[in-house]
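Participant: no sequence on hand, only this structure:
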């Protein structure tokens, strides 16, 4: 899985490896790990460290070095500079997509992302219907050697909402594809993966918070 949501999940990996992650957060992390090989690899490295921790002798530890007195000022200055940089980037982005150019770009994206049907290379573009007002969900499924790559697009939900994606085969078996969190109140997409071959995929399901939305795949009779 390649998305900024991994950053938040990785912050919980240490507590999970130590068995200290709260039950409510543990279930979400485990669902994410099912579809994210990068986070699984990092967890394995952390677990190898935690297995060695009981062998450490606290009496041999030295005292922690004191941070330099100017460290706090340097960190605060770095944060201020980063905030100014983010504001400048957002301002420039707003100008770049103003006026008629933004309308033309939005029309092209709507055709590509929400148009539905088949694309080049055997990919499947899926549009979710019967959604609440203001919400949009779409997906592009593309065959890969490992199974299927899934790009999920979400718009119009509360920032921070957990989204869980799964697929179903011809006999209804459900296979998790991964999770991500919707951020910033704008359209985002996550790139996930499924071991199920695209030709055998019949449904894609996206759980947005506690609500589930599904759409058919290969509805046009693709192999």
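Facilitator: Noted; the coordinates are in hand. The shown structure was predicted, so the numbers you read here are calculated from the model rather than taken from an experiment.
Participant: element containing residue 131, please.
Facilitator: Secondary-structure assignment from DSSP states H and E places residue 131 in no helical or strand segment.
Participant: off-centre distance for the helix or strand residue 45 falls within?
Facilitator: Under the criterion DSSP H and E, the helix or strand holding residue 45 is helix 37-52. On the basis of CA atoms, centre = their mean, to the nearest Å, the separation between the geometric centre of helix 37-52 and that of its chain is 20 Å.
Participant: which elements pack onto it?
Facilitator: Using 3 or more CB pairs under 8 Å, 6 or more residues apart in numbering; DSSP states H and E as the contact criterion, the elements in contact with helix 37-52 are helix 5-10, helix 13-17, helix 23-34. All C-beta atoms are positioned from the backbone trio N, CA, C, and that covers glycine.
Participant: residue closest to the middle of this structure?
Facilitator: With distances taken as CA atoms, centre = their mean, residue 180 lies nearest the centre of the chain, 3.0 Å away.
Participant: mean confidence for the helix or strand harbouring it?
Facilitator: For residue 180, the host element (DSSP H and E) is strand 174-181. In this model, strand 174-181 has an average pLDDT of 88.
Participant: again, but for stretch 78-98
Facilitator: When pLDDT is averaged along stretch 78-98, the result is 64.
Participant: got it, and stretch 34-54?
Facilitator: Per-residue pLDDT values across stretch 34-54 average out to 81.
Participant: and that stretch, what's buried?
Facilitator: Under the neighbour-count criterion of 16 or more other CB atoms under 10 Å, stretch 34-54 has 34-36, 39, 42-43, 46 buried.
Participant: what sits closest to residue 164 if chain neighbours are left out?
Facilitator: residue 207 (4.2 Å; CB to CB, 6 or more residues apart in numbering).
Participant: wait, is the one you found part of a helix?
Facilitator: No - remark: residue 207 does not belong to a helix; assigned using DSSP: H, G, I helix; E, B strand; the rest coil, it is strand.
Participant: ok, now which ones touch it?
Facilitator: With contact set as CB atoms under 8 Å, 6 or more residues apart in numbering, residue 207 has these partners: 163-166, 213.
Participant: okay, now the domains of this structure?
Facilitator: The chain breaks down into these structural domains: 5-52, 71-105, 115-216 (assignment by automatic domain parsing).
Participant: which one of those is the most hemmed in?
Facilitator: For the domains of the chain, the stretch with the most neighbours on average is domain 115-216, a mean of 17; neighbours defined as mean count of other CB atoms under 10 Å.
Participant: thinking residue 38 is in contact with residue 13, fair?
Facilitator: No - contact criterion CB atoms under 8 Å: residue 38 and residue 13 do not qualify, at 10.9 Å.
Participant: turn the domains of the chain into JSON lines, columns for distance to residue 65.
Facilitator: Listed next are these as JSON lines, based on distance: least, CB to CB, whole Å:
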{"stretch": "domain 5-52", "distance to residue 65": "21"}
{"stretch": "domain 71-105", "distance to residue 65": "11"}
{"stretch": "domain 115-216", "distance to residue 65": "36"}
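Participant: can you give me the strands for the protein?
Facilitator: Ranges of strands within the chain are 117-118, 124-127, 136-144, 147-155, 162-168, 174-181, 188-194, 203-208, 211-216, based on DSSP state E.
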